[in-house]
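Student: Coordinates only, no sequence provided:
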């Protein structure tokens, strides 16, 4: 950690404005890694009712990786496994179910193939509780009044921020290394920076949203439903505590008399819902929250001013609530930025690493909006036929028309598993400055792992205690790069493993160049970072657990991670015939293995062969050297 | 609930003495069901360190059914998946691993195939927190000074109990319907009742047990290990927070110079462990707890005086710690008694139901001790050979010698899945007074469900929200009998289902005879007990979820349990070729189904055919009539 003990009390590593999902995720990550944070929010309390509520499968993986999932699940959220479509019947009145399908179909290899629905305030409190463990309190109700950023005048703390109590009873000026705007769609920081919003789709909508408890004989009230009727359209989303959320589109800029200020009362929306749901009845026992808001699709032109002042979440991208992506995209914006700030401030990565935040996350928002549009259009054209519904749920099929193709892409995207980052220094590609014969290019080498995409889920058996574990969850969100050494058959790779360890242990390797200064006094119980705070190394043998002896099969450097040695001996339905399922799922040779570098946020960085000699580590040195602060490997010797 | 509002303040439903696992489980169940409880313990605080720590797979199911599992797991307990055996090598010195095997092998269909290891105090606190939600506080440090029980003098509150603060500063006399002694091996209540202890095995032992944190190169320190060496024997059990528990046998009554008061210091045990573990090294960083205690196998001759004063847990059975069964047997003693007290006191079951507590639970303790003995003897004879280890892990095999057979029985028993209750009024058998052609006798009908054994685990899809759920967990521990209507194919069973519902709805059926008095005003959100507090009904169709319409396929009585309608459409590795896996696992016809009655504690009561006409409900009326308070079914009309 790079904080200084002796800085003035009004100096912070970061000022975070807004304690919604994006601000809280950023704050939580950085607080865990020891940063000094000033976090303000202009609301007196966390979200009391309403707002976002959908956690997608990939986001649940992330929350689990942070140890926050069980606190979320303790609130008994609703779980949406399927989406139902209701439309007018071909003859007669009312509505009929025209199909249902999985919200995260089995062709997506998700640990949690459902959307988790829970009130945003409860989700916020899970983060706030975690922050308190690290002595970070949200300062409420405070707001930002102004800021400047000047790296030349103050290279270390370039940002000055004026903060004020919302009723003007207090104010303070603080200095920080970074300022983050997670203030939502109406961002003061974005406005100050004069960053414009580009609207992908010129159409704007007015939505009504109502949370409440109903009594109904509508059979799919506990499923996510898209209902079209002659009386209008509605979306049903189940919630915790027998609640249900209804979204009704109140106006569209395509209406002849469109008025973005059009509104509707609770009673009007309820009456409308009753008409739409006919012949089913619906009565409200309680309305917890009701809101009408205009919304258009838009993306901020920039996510940062100068790589010191950043934006994320709704401040950067707004879209219709239908996709259920707001909170999830916010989480991933924050996580992406968090580890990069950490990598730079802790002296590991060059400052230019921060330049990857905007392109990586902006591209995701753009893809999201494009999908949202495409998908919505397809739906507005016609309801899906039964055979399309069936076909869309399978992993492959001959009858892939445009609708099914779009649906599948959409599932991958909305589940979070389809998000990917384009090639850059972190995400190796054929155009990366580093090239070597040991680098496995998925385009030619047959690896399933693709740089810029999520690491693939796999079950393995931990050797020390025979626990069956989820390999992708074994390294917590600790800010470290995850080095997965797929060691293949010990009899085949013994020399390659020795060479790997020996070259990692060499002076100026990517590994030793960032060794812990306190490595000699680290407790033998330290599981994840015994040698370096920047790497956690896992070794996976293609062997039965009982046949593995760590002291014999793993070189000492790898064996030191005694709780990260695994047996690839579990059956997997995705590769039923594999002898080493995890190797097979990654597309790695089941005898010879390979080395996978996964970024701290779970995305693949590079995949290399596990080869005898120094080429494997040479390639890793070159890869890390392309964004690290130090010259790595033999390049130094040549200087 | 049968408590009275106007009883004197010192009148209780039950006095529970001892707040270890057995007392806390009993108290927690009864508190949830609304009973007024006086619960005392002579310790000032919950268990601070040491004592029991092993939760077996079946116990974890039970804790989940009570909603307590996640609180246990939040403490990150160790999970033992495998047991390793270490013995002297055939030549040379030291120890070698002679085999490892699963502690809960895959032939046991367990949801959680591991033993959960956690400090008893943390487990106690999970119960204590739950009790507090129901306004029950443990009164500490208080002890019992005397009691009388006289049903003739006071039929409603026959028990009088004198309680006293351990330092004599306070005392009180209370009256109760029941008194429960969960005081551990040295039970005052048992002594007062002059109940003897029968020793199955006359051999007594002195054990040393030490919890601590070690630094070692012994590779299996995170597994459960049984280690024999020329320097003695030791058992290793991993714990939470990098701790490990070591059990060392210090003396045996078979020693020539046996002294049951023999002891050993911490240093002596550590020195002994070092010798045994050679050639591996072991150093202690910290010792958290150390104890030496003599223990013999014993079972109390009686578990009750008069079905008003009961004993459970260690007060009834003591055995070596090796089996790891103390706390688990205690939990199940308490749960068995809890629901029976509730059934009687709420007016559902005849008082004679309580007479089943002792025979059911005493038999389990006797079986446990017999297994423990048999297993220990087999081990003392010789270490298992490698092929035996391999064979024992498979579900079937030709090479089943005595060792493997005993091991398998032992696994089933120690996991908790092998526990069974003999035939009685609750557990139907060919000798049960109720006989009918619709009753499915596992001996002849091919059903896998056996009265007196645990209900079988199965995955199904809930119809209302498409959630994939564990069917056996769908009804919480609410004191209700669980009626699982396996409805087969709707096209085949439509009339049988109608007849079932119609006959259940008839006056004086087992179902309507115990209707809720407030049934008309029950909320439509009530999931488990809309009609009766004594039954929860689940309906499982052998059909794809999307093909099921509850309003069309389920008669209204069954359909009212809208959250308990399921599709049997999940694949199961145990019946890979079945079209309806849950039906197949139960051994029920996949088209015609069947009706399964499961006791409130999860054990099967009776299984009947789902037949058109009244025979199905007639048989259920007769079955429940054999232990209920009312005459059920047509028997009343004939009077």
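Tutor: On my side now, so go ahead. Worth saying up front: this structure is predicted, and the values here are computed from it rather than measured.

Student: Contacts only, for the nearest residue to residue A:53 once chain neighbours are set aside.
Tutor: Once flanking residues are discounted, residue A:53 sits nearest to residue A:117: 5.1 Å by C-beta to C-beta, 6 or more residues apart in numbering or on different chains. C-betas here are computed from N, CA, C, even on glycine. Contacts for residue A:117 (C-beta atoms under 8 Å, 6 or more residues apart in numbering or on different chains) come out as A:53, A:54, A:55, A:77, A:78, A:79, A:80, A:237, A:238, A:239, A:240, A:245.

Student: residues in contact with the last one?
Tutor: With C-beta under 8 Å, 6+ apart as the criterion, the residues that contact residue A:245 are A:53, A:117, A:209, A:210, A:211, A:236, A:237, A:238, A:239.

Student: Keep only those of those residues that are in helices.
Tutor: Judged by DSSP state H, the subset of the contacts of residue A:245 located in helices is empty.

Student: any chance of those residues in a markdown table, plus pLDDT?
Tutor: Listed next are the contacts of residue A:245 as a markdown table, based on pLDDT from 0 to 100:
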| residue | pLDDT |
| --- | --- |
| A:53 | 76 |
| A:117 | 94 |
| A:209 | 91 |
| A:210 | 94 |
| A:211 | 94 |
| A:236 | 94 |
| A:237 | 94 |
| A:238 | 95 |
| A:239 | 92 |
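
Student: could you dump those residues to CSV with distance to residue B:329?
Tutor: Listed next are these as CSV, based on distance: C-beta to C-beta, whole Å:
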residue, distance to residue B:329
A:53, 44
A:117, 41
A:209, 53
A:210, 52
A:211, 47
A:236, 48
A:237, 46
A:238, 41
A:239, 41
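
Student: quick one on the thing from earlier: kindly indicate which of the contacts of residue A:117 lies nearest chain B.
Tutor: Set against chain B, the nearest of the contacts of residue A:117 by C-beta to the nearest C-beta is residue A:79 (5.4 Å).

Student: tell me the secondary structure for the closest one?
Tutor: Secondary structure, DSSP: H, G, I helix; E, B strand; the rest coil: residue A:79 is strand.

Student: Could you count how many residues lie near it?
Tutor: 24 (other C-beta atoms under 10 Å in any protein chain shown).

Student: who touches residue A:356 in this structure?
Tutor: Contacts of residue A:356 were listed using C-beta under 8 Å, 6+ apart, and they are A:340, A:424, A:425, A:426.

Student: Among the residues you listed, which lie within helices?
Tutor: For the contacts of residue A:356, the ones inside helices are residue A:340, with DSSP H as the criterion.

Student: neighbour-wise, which of the contacts of residue A:356 leads?
Tutor: Among the contacts of residue A:356, residue A:426 has the most neighbours (other C-beta under 10 Å), with 27 neighbours.

Student: follow-up on the earlier one: could you report the distance from the residue nearest to residue A:53 to residue A:327?
Tutor: For residue A:117, the distance to residue A:327 equals 11 Å [C-beta to C-beta, to the nearest Å].

Student: Same question for residue A:261.
Tutor: 26 Å.

Student: Quickly find the element holding the residue nearest to the spatial centre of chain A.
Tutor: Geometric centre of chain A, nearest residue: residue A:332, 3.6 Å, by C-alpha atoms, centre = their mean. Residue A:332 belongs to helix A:326-345 when assigned by DSSP states H and E.

Student: from the chain's centre, how far out does that helix sit?
Tutor: 8 Å (C-alpha atoms, centre = their mean, to the nearest Å).

Student: taking the mean pLDDT, what do you get for it?
Tutor: Averaged over helix A:326-345, pLDDT sits at 96.

Student: Mind giving me the packing neighbours of the helix or strand following it?
Tutor: Sequence-wise, the next helix or strand downstream of helix A:326-345 (DSSP H and E) is helix A:357-381. On a contact count with 3 or more C-beta pairs under 8 Å, 6 or more residues apart in numbering or on different chains; DSSP states H and E, helix A:357-381 meets strand A:298-300, strand A:317-318, helix A:326-345, helix A:402-415.

Student: right, and those - which one's nearest chain B?
Tutor: Closest approach to chain B among the helices and strands packed on helix A:357-381 is made by helix A:402-415 (14.9 Å; C-beta to the nearest C-beta).

Student: Any buried residues in the closest one, and which?
Tutor: For helix A:402-415, the neighbour count (16 or more other C-beta atoms under 10 Å in any protein chain shown) marks A:403, A:404, A:406, A:407, A:408, A:410, A:411, A:412, A:413, A:414, A:415 as buried.

Student: Between residue A:261 and residue A:327, which is the more surrounded one?
Tutor: Neighbour count, other C-beta under 10 Å: between residue A:261 and residue A:327, residue A:327 has more, with 23 against 8.

Student: buried set for the lengthiest strand in chain A?
Tutor: The residue-count maximum for a strand in chain A (DSSP state E) belongs to strand A:282-296. By 16+ other C-beta under 10 Å, the buried positions in strand A:282-296 come out as A:282, A:284, A:288, A:289, A:290, A:292, A:294, A:296.

Student: Out of the contacts of residue A:245, grab the one that's most surrounded.
Tutor: Neighbour tally across the contacts of residue A:245 (other C-beta under 10 Å): the maximum, 26 neighbours, falls on residue A:53.

Student: OK, contacts around that residue?
Tutor: Contacts of residue A:53 (C-beta under 8 Å, 6+ apart): A:117, A:118, A:119, A:120, A:237, A:239, A:245, A:327.

Student: and it, how far is that from residue B:520?
Tutor: Residue A:53 sits 34 Å away from residue B:520, going by C-beta to C-beta.

Student: Which pLDDT does the model give residue A:298?
Tutor: Reported pLDDT for residue A:298: 88.

Student: Equivalent analysis for residue A:549, please.
Tutor: 96.

Student: now the end-to-end length of stretch A:45-60.
Tutor: 25 Å (C-alpha to C-alpha, to the nearest Å).

Student: residues of that stretch that come out buried?
Tutor: Within stretch A:45-60, the residues that count as buried by 16+ other C-beta under 10 Å are A:46-47, A:50-60.

Student: Hmm, residue A:559 is touching residue A:565, no?
Tutor: Yes - counting by C-beta atoms under 8 Å, residue A:559 does reach residue A:565; the two are 7.0 Å apart.

Student: so what sits against both of those two?
Tutor: Listed as contacting both residue A:559 and residue A:565 by C-beta under 8 Å, 6+ apart are residue A:550.

Student: Alright, I will stop here.
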